[in-house]
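> Next comes the sequence, and after it the predicted model I'd like to discuss.
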Amino acid sequence: MKPPYTITDKILELVISISEKIGEINAHHLYKPTTELRKKNRIKTIQSSLEIEGNTLTEEQITALLENKRIIAPAKDILEVHNAIEVYHDLKRFNANKMKDLELAHAMLMKDLVENAGKFRTKNVGIVKGSKVEHLAPGGTMVKGLMNDLFKYLKNDKELILIKSWVFHYEFECIHPFIDGNGRMGRLWQTLILMQQYPVFEYLPVESLIRENQKEYYNALSESDKKGQSTPFIEFMLQILLASLKELLRSQNSNLNTKDRIFLFKEKAGAQKFSRKDYLQSFKDISAPTASRDLKWAVTENILMKFGDHRLTEYQFKE
């Protein structure tokens, strides 16, 4: 059964705006940040997602752990970070449409933190905020069937990925399929769903904006609960997504250097020969002399092979 939600005018407007921003990002080759920026954004993603769940480690401490340095912090917090680093590093190994992969990711994310990591709960649970029960999750005997239905929707429904990812996120939180770790798993899996179609989302730290708007995030979940459909949550999360893309364009639009351009073009050209004109078509905001300098640098650095002279010059990336 398809989860309940309504496509509102606001959702359509946000989807159009997000699609336009993704187009700009692709045109400026920002869909795959530089190595240093990928590392920075990954750290921000991990820190933000875990902070929402009460983890105390800072971005600096997580950076130290990535560099195999020792830090002083609660053992549980350090373990949470180590587990998250492993999962996000291996993100591409998971298939977003496979429930077994979700269970495997949870087993890695919650290793040595909870019993039966990677196993759906069979007990009844409620989500308590303060002194009251905020959300009463479906009974343990219903979890497997509800998750099967959710993955059928994810795999087979023709809905736009930009909408489907947030429907999945909301329904996942409602089902609360694991004893613990559902919040961080929901955020992880929606990233995986989005990056199947849009590579930019692999390293876009959407979680940091969720953390900055944590109250509104939970309010949107609560409002959707009251209405019995995910529409308010979809609207809120699409706004978060749009804000993340705008920030990406604002902060990185002019930061590509020679090395960045060469390696971005390598992904496109592969083993095929190409001309300076081909290179310029991919980077329309640079001049012909800049393109020549880029290509000369790559030849000098033994990255490219050069064939011919003048107008007949062609290049090919070395394996």
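Nice, I can see it. Numbering: from 1, shown residues only.
> quick one, what contacts the residue lying closest to Ser165 once chain neighbours are set aside?
What sits nearest to Ser165 in space, not counting adjacent residues and going by CB to CB, 6 or more residues apart in numbering, is Ile193, at 4.1 Å. From N, CA and C alone the C-beta is placed, and that goes for glycine too. By CB atoms under 8 Å, 6 or more residues apart in numbering, Ile193 lies in contact with 96, 154, 161, 164-165, 168.
> Switch those over to JSON lines, and while doing so, append neighbour count to every line.
Below are the contacts of Ile193 laid out as JSON lines (neighbours: other CB atoms under 10 Å):
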{"residue": "Ala96", "neighbour count": "21"}
{"residue": "Leu154", "neighbour count": "23"}
{"residue": "Ile161", "neighbour count": "16"}
{"residue": "Lys164", "neighbour count": "20"}
{"residue": "Ser165", "neighbour count": "28"}
{"residue": "Phe168", "neighbour count": "22"}
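> which one of those residues is nearest Leu65?
Nearest to Leu65, judged by CB to CB, of the contacts of Ile193 is Ala96 at 26.9 Å.
> The closest one and Glu173, how far apart?
Separation of Ala96 from Glu173 (CB to CB, to the nearest Å) stands at 16 Å.
> Quick check: closest non-adjacent residue to Tyr217.
Per CB to CB, 6+ apart, closest to Tyr217 is Ile210, 5.2 Å.
> Same check on Gly139?
Distances taken as CB to CB, 6+ apart put Asn124 closest to Gly139, at 5.3 Å, once the chain neighbours are dropped.
> Need the three-state assignment for that neighbour.
Using DSSP: H, G, I helix; E, B strand; the rest coil, the three-state assignment for Asn124 comes out as coil.
> The longest helix along the chain packs against which elements?
Using DSSP state H, we find that the single longest helix of the chain is helix 231-252. With contacts taken as 3 or more CB pairs under 8 Å, 6 or more residues apart in numbering; DSSP states H and E, helix 231-252 sits against helix 9-27, helix 161-175, helix 206-212, helix 214-227.
> hey, least reliable of these by pLDDT?
Across the helices and strands packed on helix 231-252, helix 206-212 has the smallest mean pLDDT, namely a mean of 88.
> helices or strands up against that one?
Helix 206-212 packs on helix 35-52, helix 182-197, helix 231-252, going by 3+ CB pairs under 8 Å, 6+ apart.
> can I get the CA coordinates of the next helix or strand after the last one in PDB?
So that's helix 231-252. Sequence-wise, the next helix or strand downstream of helix 231-252 (DSSP states H and E) is helix 258-269. What follows is helix 258-269, C-alpha atoms only, in PDB (Å, rounded to 0.1, in the frame of the first residue of the first chain):
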ATOM      1  CA  THR A 258      43.400  23.500 -12.300                       C
ATOM      2  CA  LYS A 259      43.700  20.200 -10.500                       C
ATOM      3  CA  ASP A 260      40.000  20.100  -9.700                       C
ATOM      4  CA  ARG A 261      39.100  20.700 -13.300                       C
ATOM      5  CA  ILE A 262      41.500  18.100 -14.700                       C
ATOM      6  CA  PHE A 263      40.300  15.300 -12.400                       C
ATOM      7  CA  LEU A 264      36.600  16.200 -12.900                       C
ATOM      8  CA  PHE A 265      37.100  16.000 -16.600                       C
ATOM      9  CA  LYS A 266      39.000  12.700 -16.300                       C
ATOM     10  CA  GLU A 267      35.700  11.200 -14.900                       C
ATOM     11  CA  LYS A 268      33.900  12.400 -18.000                       C
ATOM     12  CA  ALA A 269      36.600  11.600 -20.700                       C
END
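> Which parts of the helix or strand following helix 258-269 count as buried, going by neighbours?
With elements assigned by DSSP H and E, the helix or strand that comes after helix 258-269 is helix 276-282. Neighbour-count burial for helix 276-282, counted by 16 or more other CB atoms under 10 Å, picks out 276, 278-280, 282.
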